[in-house]
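S.K.: could you look at this predicted model? Sequence included:
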Amino acid sequence: QVQLVESGGGLVQPGGSLTLSCLASGFTFSSYRMSWYRQGPGKERELVAGISNGGGSTSYADSVKGRFFISRDNANNAVYLRMNSLKPEDTAVYYCNARSFTSGNVYWGRGTQVTVSS
């Protein structure tokens, strides 16, 4: 049974930091590209950051470059998103995503809420 379980969301003041975690199970984690997406109130889901299966390549949305950092631990089937200098516009539900370009499989977590407000 495939599972992606996010944690680490919460309420934070503008300028603050949070680290999201996603623990994976039920598939060969090291073979999947991992990404974080988010969906803000009244907005479409958007790609925030991605990391290659080996961790050697990362990419970020322009809106978070220099503030957010994605990393992964293949030994523990985990992917993280470190979010610094948070802004109110970062408020969203953040989703963990796994994608295999070999098999075409795509998996989603259920999301974790991040609220940036004073």
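M.R.: It's in. Numbers count the residues shown, from 1 in each chain.
S.K.: distance check, the residue in the chain sticking out farthest from the centre against Pro41.
M.R.: When distances are taken from the C-alpha mean of the chain, Ser118 lies farthest, 23.3 Å away, according to Cα atoms, centre = their mean. Noted for Ser118: a distance of 17 Å to Pro41, by Cβ to Cβ, to the nearest Å. In this view, the C-beta of every residue, glycine as well, is placed from N, C-alpha and C.
S.K.: thinking again about what came up before, number of nearby residues for the residue nearest to the residue farthest from the centre of the chain when sequence neighbours are not counted?
M.R.: Using Cβ to Cβ, 6 or more residues apart in numbering and skipping the chain neighbours, the partner closest in space to Ser118 is Gln13 (5.4 Å). Gln13 has 10 neighbouring residues, counting by other Cβ atoms under 10 Å.
S.K.: wait, what's in contact with Gln13?
M.R.: Leu86, Val116, Ser117, Ser118 (Cβ atoms under 8 Å, 6 or more residues apart in numbering).
S.K.: buried ones among these?
M.R.: Leu86, Val116 (16 or more other Cβ atoms under 10 Å).
S.K.: now render the contacts of Gln13 as a markdown table, adding pLDDT, distance to Leu20 and secondary structure.
M.R.: Conversion of those to a markdown table gives the following (pLDDT from 0 to 100; distance: Cβ to Cβ, whole Å; DSSP: H, G, I helix; E, B strand; the rest coil):
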| residue | pLDDT | distance to Leu20 | secondary structure |
| --- | --- | --- | --- |
| Leu86 | 98 | 12 | coil |
| Val116 | 98 | 13 | strand |
| Ser117 | 97 | 17 | coil |
| Ser118 | 95 | 21 | coil |
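S.K.: center of this protein - which residue?
M.R.: Closest-to-mean residue, the chain, Cα atoms, centre = their mean: Trp36 / 2.6 Å.
S.K.: that one: what secondary structure?
M.R.: strand (DSSP: H, G, I helix; E, B strand; the rest coil).
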